[in-house]
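A.B. asks: here are the coordinates; sequence isn't available:
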């Protein structure tokens, strides 16, 4: 798949779809359009924002660690016409073994987040902004998985607050085992080939 990929993104305040695109995030883009640009949004409640798990992450240094090694990966973002990054994630460039479909492989995704300004629970006005950011990133991830010969399969470890969100998009728990990292329990989940169509354009 050639990036950038055009996608429609729904803007709740005006009830309108805007053309945006998913593209690879370069270090320059991260420094100018993510980093503090995400967190200096005057619409955010500073105290609530400070409690977000990704508040102090440096996206230029983040890597995917899986099975005791670092996976080759890239960072993707959803960018609107004004140049703002509305969400980001990491996806592996190499395959990993599936738990749900034994003998099969998947691409591994990690750190899928909407920009703080799109998180209504930390906004001063509590209002929805751009919707469908996460779905757009998941859809591109599934397409990249198809191209990699993985049948659209995706693998991830979900934080407690994101499990339901992933389930609603066809990504299911594949193990009762939980991964404990820095005091947080993460749940192994996978998107199987039978549910890939949920993420792709009809």
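C.D. replies: Perfect, I can see it now. Because the structure is a prediction, the values reported are computed rather than measured.

A.B. asks: now do the helix or strand where residue 92 lies: which elements does it pack against?
C.D. replies: In the assignment (DSSP states H and E), residue 92 maps to strand 85-97. Packing partners of strand 85-97 (3 or more CB pairs under 8 Å, 6 or more residues apart in numbering; DSSP states H and E): strand 64-66, strand 69-71, strand 73-80, strand 105-114, helix 133-147. Yep, even glycine has a C-beta here, placed from its N, CA and C like the rest.

A.B. asks: report all helices and strands that the third one contacts.
C.D. replies: Taking 3+ CB pairs under 8 Å, 6+ apart as the contact definition, the neighbouring helices and strands of strand 73-80 are strand 5-11, strand 16-24, helix 27-33, strand 85-97, helix 133-147.

A.B. asks: just give the nearest non-adjacent residue to the residue nearest the centre of the chain, would you?
C.D. replies: With distances taken as CA atoms, centre = their mean, residue 112 lies nearest the centre of the chain, 2.2 Å away. In space, and not counting its chain neighbours, residue 112 is closest to residue 89: 3.9 Å by CB to CB, 6 or more residues apart in numbering.

A.B. asks: tell me the bridge partners for that neighbour.
C.D. replies: residue 76 (DSSP bridges).

A.B. asks: need the pLDDT of the closest residue to residue 107 other than its chain neighbours.
C.D. replies: Of all residues not flanking residue 107 in the chain, residue 145 sits nearest, at 4.5 Å (CB to CB, 6+ apart). With respect to pLDDT, residue 145 scores 97.
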